[in-house]
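Chemist: Below is the sequence, then the predicted model.
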Amino acid sequence: MNILVVGSGAREHTLVWKLAQSEKADKIYAVPGNPGMAELAECIEGVSITDNAALVKLAQEKNVELAVVGPEVPLTNGAVDAFNDAGIKAFGPVQAAAEIEGSKSFSKNLMKKYNIPTAKYEVFTEAEAAKAYIRAEGAPIVIKADGLAAGKGVIVAMTLDEALGAIDEIMGDKAFGSAGSRVVVEEFMAGEEVSVLCFTDGRTILPMVPSQDHKRVFDNDQGPNTGGMGAYAPAPVGTPELLAQVQKEILEPTIKAMEAEGRLYKGCLYAGLMVTEQGPKVVEFNARFGDPETQVVLPLLESDLVEVMLACIDGKLAETEVKWSKGAAVCIVMAAGGYPKSYNKGDEITGLADVAADGSMVFHAGTSAKDGKIYTNGGRVLGVVSKAEGIKEAVDKAYAGVAKISFKDAHFRHDIAHWALERLAK
């Protein structure tokens, strides 16, 4: 079958890479795609991923039988609904279900209504009311822009001044645009984070291997939040006992709650969790594959991704077995100098072929191509991914790959998977 992947980041590159391994995949198209995807798919530029009519027209012209929508923006914009209305199977939640990521206040209110464990919170549309609440609660405290902010709309304020400044930044300065017209103020949760992604057809839920993202830009979890500086899987914090608890207390109640609200959820549901002393609690839900978690989870998937996606769409996930390999995978994100603030574009990247020769993978996040050369074209530029029998071996292999790649002012974290390595050392 012909497959269309919507998106241009490292997550979509990973999806294309995995889908291309299926015997069911005849031809893969990517819109707009990136230079890394171009080795496996035909990339089509000039079509906006928020123009549903144009996406459907393209899919019809290319005889696409399966559309896979990667990013949150087209999902919350109703891309899956548009494909469905045109009779094209699409993997991802419909617009009403994608609201679980599109609005943090919707998500928090859903969890409160259905007793799904999460942090205490309040929602505000007025800055002074939010500040009064923050003064009463004290710090540390967490401030979140309600809408989509490319993974950067969360500020963990360790002091009262930071928290009040966050309100000014989000609501006053409009740092995240209209996404910050409403804010969610949450209690600070202490513990270790874990990402549990799952496949679901709206009734059956099949979790993927647990992973862990590194949100802060600098080593030792310092600096501002980013879209993610690296990830690894499986995360040792995600024990079989913990995952069973997550399935029973979080994933199943959430999928049932969405159906009860008339928002049947099909696709990939991402649960970002904090493992607290009281047990796992939801930090956030995302309505799609995580980035960079996808880059370490899908390399461990042994099953045919096309078959799994079709089972989710057709409501046949209960009849589907999803198999995982026993190894580990690590992703190191190489970012442009200055990221997550202003950064340069157009710097040549060298060494990519050397990494592939050593058996590691490079998933493109923000790159462009010209005259046979690859250049930087985003904040997060590349994800270097390695597989091995264990986390330590995968970490060493991934950093060896990073060392082979060069571009001006490249920066990356040097402590990816430190939580796992510390656990394994005990």
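Modeler: Perfect, thanks for sending it.

Chemist: List the contacts of the helix or strand containing residue 73.
Modeler: Following DSSP states H and E, the helix or strand that holds residue 73 is helix 72-76. Residues outside helix 72-76 that contact it (CB atoms under 8 Å, 6 or more residues apart in numbering) are 6-7, 49-50, 52, 55, 69, 92-93, 95, 98-99, 101-102, 148, 286-288. For the C-beta atoms, the positions are set from N, CA and C on the backbone; glycine is no exception.

Chemist: Just the buried ones from those?
Modeler: Buried members of these, counted by 16 or more other CB atoms under 10 Å: 6-7, 49, 52, 55, 69, 92-93, 95, 98-99, 101-102, 148, 286-288.

Chemist: Report the central residue of this protein.
Modeler: residue 290 (1.8 Å; CA atoms, centre = their mean).

Chemist: tally of neighbours for the closest residue to residue 331 other than its chain neighbours?
Modeler: Of all residues not flanking residue 331 in the chain, residue 295 sits nearest, at 4.3 Å (CB to CB, 6 or more residues apart in numbering). Close neighbours of residue 295, defined as other CB atoms under 10 Å, add up to 34.

Chemist: likewise residue 321?
Modeler: Residue 321: 9 neighbours (other CB under 10 Å).

Chemist: that older thread, kindly confirm my reading that the residue nearest to residue 331 forms part of a helix.
Modeler: Yes: assigned with DSSP: H, G, I helix; E, B strand; the rest coil, residue 295 falls within a helix.

Chemist: Show me the contacts of helix 72-76 that map onto helices.
Modeler: Among the contacts of helix 72-76, DSSP state H puts 52, 55, 95, 98-99, 101-102 in helices.

Chemist: Closest one of the residues you listed to residue 398?
Modeler: Closest to residue 398 out of the ones in helices among the contacts of helix 72-76 is residue 101 (28.3 Å), distances taken as CB to CB.

Chemist: all strands for the stretch 101-250 of the chain, in order.
Modeler: Applying DSSP state E, counting those that start in this stretch to the stretch 101-250 of the chain gives strands spanning 121-124, 141-145, 154-157, 183-187, 192-200, 205-207, 212-213, 216-218, 222-225, 230-233.

Chemist: re the thing from before, show me the contacts for the residue nearest to the centre of the chain.
Modeler: 11, 195, 197, 211, 213, 228, 231, 270, 272, 297.

Chemist: Now list the buried members of those residues.
Modeler: Buried by 16+ other CB under 10 Å: 11, 195, 197, 211, 213, 228, 231, 270, 272, 297, out of the contacts of residue 290.

Chemist: can you tell me which two in these are farthest apart?
Modeler: 11 and 272 (15.0 Å).

Chemist: related to what we said a few turns ago, distance to residue 114 added to the ones in helices among the contacts of helix 72-76, as a markdown table?
Modeler: As requested, the ones in helices among the contacts of helix 72-76 are exported to a markdown table (distance: CB to CB, whole Å):
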| residue | distance to residue 114 |
| --- | --- |
| 52 | 30 |
| 55 | 33 |
| 95 | 21 |
| 98 | 18 |
| 99 | 15 |
| 101 | 17 |
| 102 | 18 |
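
Chemist: Please identify which of the residues you listed is nearest to residue 16.
Modeler: Nearest to residue 16 among these, counting by CB to CB, is residue 55 at 16.4 Å.

Chemist: now that closest one: how far from residue 41?
Modeler: Distance, residue 55 to residue 41, using CB to CB, to the nearest Å: 15 Å.

Chemist: did I read that right, residue 271 in a helix?
Modeler: No: the assignment for residue 271, made by three-state DSSP, is strand rather than a helix.

Chemist: Return the residues in contact with the nearest residue to it once chain neighbours are set aside.
Modeler: Nearest in space to residue 271, with sequence neighbours left out and distances taken as CB to CB, 6+ apart, is residue 196 at 4.8 Å. For residue 196, the contact set (CB under 8 Å, 6+ apart) comprises 207-208, 210, 238, 243, 246, 251, 270-271, 273.

Chemist: Give me the pLDDT for residue 196.
Modeler: Per-residue confidence at residue 196 stands at 98 (pLDDT).

Chemist: Could you do the one 4 residues further on as well?
Modeler: Here, the pLDDT recorded for residue 200 equals 98.

Chemist: list the helices and strands the helix or strand hosting residue 3 packs on?
Modeler: Assigned by DSSP H and E, residue 3 falls within strand 2-7. Applying 3 or more CB pairs under 8 Å, 6 or more residues apart in numbering; DSSP states H and E, one finds that strand 2-7 contacts helix 10-19, strand 27-32, helix 52-61, strand 64-69.

Chemist: just the ones you listed: most buried one?
Modeler: Mean neighbour count, computed with mean count of other CB atoms under 10 Å, is highest for helix 10-19 among the helices and strands packed on strand 2-7, reaching a mean of 27.

Chemist: CA atoms of that helix as PDB?
Modeler: Only the C-alpha atoms of helix 10-19 are listed here, as PDB (Å, rounded to 0.1, in the frame of the first residue of the first chain):
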ATOM      1  CA  ALA A  10      13.100  13.200  13.800                       C
ATOM      2  CA  ARG A  11       9.900  11.500  15.000                       C
ATOM      3  CA  GLU A  12       8.500  11.400  11.500                       C
ATOM      4  CA  HIS A  13      11.900  10.200  10.100                       C
ATOM      5  CA  THR A  14      11.800   7.400  12.700                       C
ATOM      6  CA  LEU A  15       8.200   6.500  11.600                       C
ATOM      7  CA  VAL A  16       9.200   6.500   8.000                       C
ATOM      8  CA  TRP A  17      12.200   4.300   8.800                       C
ATOM      9  CA  LYS A  18      10.000   1.800  10.700                       C
ATOM     10  CA  LEU A  19       7.100   1.800   8.200                       C
END
